[in-house]
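*Asks:* mind folding the following:
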Amino acid sequence: MGTGRRKEIERHLSEDELDAKLRDAEDPEMVRRLGFIKNLYRGDTLGEAATREGKSQPTGARWAAQWNDGCVDELAPDHGGGRPSKLTASERQQLRQLLATEKPLTTRAVHHFIEERFDVTYHPNYIYELLRSLDVHSAESRPERPERPGNDGETPEDRRDRALE
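*Replies:* From the prediction side, this is the model:
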């Protein structure tokens with residue numbers, strides 16, 4: 001590869017111990033970070049090790065500093081948990097129960113129900129993701145427009161030819 005900055009890396013673990021941590025890691029991000037450290041153990045520069053893991057040199061420098069400060073615990077990604085849900089746990093449970101007892105609803109109906117019942121507004125495109133997070137797969141897709149002609153095996157070319165007759 002190219003030249004780059006060499007970083008003195010603390011050898012908190014032996015290579016065998018590092019390999020064991022790599023094998024046991026389930027989080028793909030942690031695997032990437034431990035692989036980066038292993039590359040540094042083997043003599044890569046920060047840039048080379050980061051590139052092998054698909055990351056930039058500054059990210060590699062940050063990971064190396066985290067490793068030096070606290071080994072595996074400090075290197076572990078902090079996913080932060082994300083933004084809190086607009087619906088409380090109780091409201092999510094109520095919604096799940098309603099959707100389990102009702103006939104399949106359209107995502108539009110679910111969207112309106114959430115607004116009316118809980119006074120919470122979600123973007124319409126998010127409703128499907130919300131339903132998946134609730135492990136609900138019974139929402140119907142939007143029905144076809146009734147004024148649209150059916151497709152009885154007719155190709156677009158067939159329809160064009162029929163229209164030009």
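*Asks:* retrieve the pLDDT associated with Ala20.
*Replies:* Ala20 is assigned 94 on the pLDDT scale.
*Asks:* hmm, Glu91 is touching Asp119, no?
*Replies:* No: with contacts counted by C-beta atoms under 8 Å, Glu91 stays clear of Asp119, the gap being 10.1 Å. Where you see a C-beta, it was placed from the backbone N, CA and C, and this is true even at glycine.
*Asks:* higher neighbour count, those two?
*Replies:* Under the criterion of other C-beta atoms under 10 Å, the comparison of Glu91 against Asp119 puts Glu91 first, with 15 against 8.
*Asks:* could you list the low-pLDDT ranges of this structure?
*Replies:* 1-4, 103-104, 137-156, 159, 165 (pLDDT under 70).
*Asks:* give the buried residues for the lengthiest helix in it.
*Replies:* Assignment by DSSP state H gives helix 57-75 as the longest helix of the chain. Buried residues in helix 57-75, counted by 16 or more other C-beta atoms under 10 Å: 57, 59-60, 63-64, 66-68, 71-72, 75.
*Asks:* which residues touch Glu53?
*Replies:* Counting by C-beta atoms under 8 Å, 6 or more residues apart in numbering, Glu53 makes contact with 32-33, 35-36, 39, 60.
*Asks:* closest to Leu105 out of these?
*Replies:* The closest of these to Leu105 turns out to be Arg32 (C-beta to C-beta; 40.6 Å).
*Asks:* in terms of helices and strands, where is that closest one?
*Replies:* For Arg32, the host element (DSSP states H and E) is helix 28-41.
*Asks:* ok, Glu10 next?
*Replies:* Here Glu10 is assigned to no helix or strand, by DSSP H and E.
*Asks:* tell me who's in contact with it.
*Replies:* Glu10 neighbours (C-beta under 8 Å, 6+ apart): 67-68, 71.
*Asks:* please redo it, this time with the cut-off set to 6 Å
*Replies:* Shown in contact with Glu10 (C-beta atoms under 6 Å, 6 or more residues apart in numbering): Asn68.
*Asks:* same thing with Val120?
*Replies:* Taking C-beta under 6 Å, 6+ apart as the definition, contacts of Val120 comprise 86-87, 114.
*Asks:* quick one on the thing from earlier: highest neighbour count among the contacts of Glu53?
*Replies:* Scoring the contacts of Glu53 on neighbours with other C-beta under 10 Å, the highest-scoring entry is Gly60 at 28 neighbours.
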